[in-house]
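J.: Requesting a structural model of the entry that follows:
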Amino acid sequence: MKFSDIINYPLSLLGLKIVRQSSLEKLRQRFRKANNSDIENDAEFIELYGKIKDYTMVGIERCYTLYTSVKYILKNNIPGDFVECGVWKGGSSMLVALLLKNENVVDRKIYLYDTFAGMTEPGKNDGVEEKIEWEKNKKDDGNNSWCFASYEEVEANMKSTGYPVGNIRLLKGKVEDTIPGTMPAKIALLRLDTDWYESTKHELTYLFPLLEKSGVLIIDDYGAWQGARKAVDEYLKDNGTVYLNRIDFTGRLLIK
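T.: Have a look, this model is predicted:
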């Protein structure tokens, strides 16, 4: 009998075992290697991600969640349009458009809400550092260089997907001004990425009720920005909505 067996026998009675450090390291390496294997082995996603990654600041895990959410919606015939608030260069909505086209679904509308003038001014619920950063990026023309992408640039990026332009809606302005006046009747997927408290609370107040049963809500900013997190927590507490699933350090997902 090996010495390790002699030592491990009494420990095994307690549900314990001595494991060599090299074995533990091999196990850690295996987990690290397998961490994103489902993403890396999804050929369709990798192809689409390659087309949009330069037009988004969203991490690959959140992009993959968006991709699988669209698949889920189509597979389960959940009605409604696709809505994104805070789009930067349009990468996330480009991913939606490309996947819908791959699935031969071209009758759903895609709504992109943005100022197309950079970040709006943070409010009292958004933190001091955010206010300082916003002030640093103010431009003489009234725009803000923080997350700036023009309407024309995003329009061109969306057109490049080949998705029918008649089913792409770009809504320019603060969401507090454009919503509720320009809302779709039904929403299948709602993606929120405007960072601040006021805009996020406004979006949830008006758009979440339009999200279909079993529809998907994705919040990009929950872990990164205190204002967005506060708005989400307050809304869910007041409306009794259930568990937020963690995507990565900042992204959260909810099935209605």
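J.: How many neighbouring residues does the closest residue to F45 other than its chain neighbours have?
T.: Using C-beta to C-beta, 6 or more residues apart in numbering and skipping residues adjacent in sequence, the residue nearest F45 is Y67, 5.1 Å away. For every residue, glycine as well, the C-beta is placed using N, CA and C. The number of residues packed near Y67 is 21, by other C-beta atoms under 10 Å.
J.: In contact with Y67: list those residues for me.
T.: D42, F45, L48, Y49, L95, L99 (C-beta atoms under 8 Å, 6 or more residues apart in numbering).
J.: which among those gets closest to L171?
T.: Comparing the contacts of Y67 against L171 with C-beta to C-beta places L95 closest, at 19.0 Å.
J.: what about the closest one, helix or strand, and which?
T.: helix 91-102 (DSSP states H and E).
J.: Counting by contacts, list what that helix packs against.
T.: Judged by 3 or more C-beta pairs under 8 Å, 6 or more residues apart in numbering; DSSP states H and E, helix 91-102 is in contact with helix 43-52, helix 60-75, strand 81-85, strand 110-114, helix 151-159.
J.: if we go to 10 Å?
T.: helix 43-52, helix 60-75, strand 81-85, strand 110-114, helix 151-159, strand 168-172, strand 187-192 (3 or more C-beta pairs under 10 Å, 6 or more residues apart in numbering; DSSP states H and E).
J.: Could you report the distance from the residue nearest to F45 to R191?
T.: According to C-beta to C-beta, to the nearest Å, Y67 stands 12 Å off from R191.
J.: Please apply the same query to L236.
T.: 17 Å.
J.: more crowded one of the two?
T.: The residue with more neighbours, out of L236 and R191, is R191; 26 against 17, by other C-beta under 10 Å.
J.: looking at the sheet around the more buried one, what are its partners?
T.: Note on R191: beta-bridge partners E84, I218, judged by DSSP bridges.
J.: show me what contacts it?
T.: By C-beta atoms under 10 Å, 6 or more residues apart in numbering, R191 lies in contact with 58, 62, 65-66, 69, 82-87, 92-93, 96, 203, 216-220, 251, 253.
J.: Endpoints of stretch 71-86, how far apart?
T.: Start and end residues of stretch 71-86 are separated by 22 Å (C-alpha to C-alpha, to the nearest Å).
J.: what's the closest of the helices and strands packed on helix 91-102 to I247?
T.: helix 60-75 (4.9 Å).
J.: List the contacts of I60.
T.: Contacts of I60 by C-beta under 10 Å, 6+ apart are N36, I39, E40, F45, I46, Y49, K53, D248.
J.: Could you do Y113 as well?
T.: Y113 neighbours (C-beta under 10 Å, 6+ apart): 83-87, 169-175, 178-179, 182-183, 192-194, 199, 203, 207.
J.: now stretch 217-236: mean pLDDT?
T.: Averaging pLDDT along stretch 217-236 yields 95.
J.: please begin residue numbering at 794 from this point
T.: Right, with 794 as the first residue, what we last looked at is stretch 1010-1029.
J.: Show me which positions of it end up buried.
T.: 1010-1015, 1018-1025, 1028-1029 (16 or more other C-beta atoms under 10 Å).
J.: cool, stretch 898-915 as well?
T.: 901-913, 915.
J.: all helices of the stretch 894-1043 of the chain, in order?
T.: 921-929, 944-952, 968-971, 990-1000, 1019-1032 (DSSP state H, counting those that start in this stretch).
J.: Next, the angle helix 990-1000 makes with the longest one.
T.: If I follow you right, that is helix 1019-1032. Here helix 1019-1032 points in a direction 40 degrees away from that of helix 990-1000 (axes from the mean of the first three to the mean of the last three C-alpha atoms, to 10 degrees).
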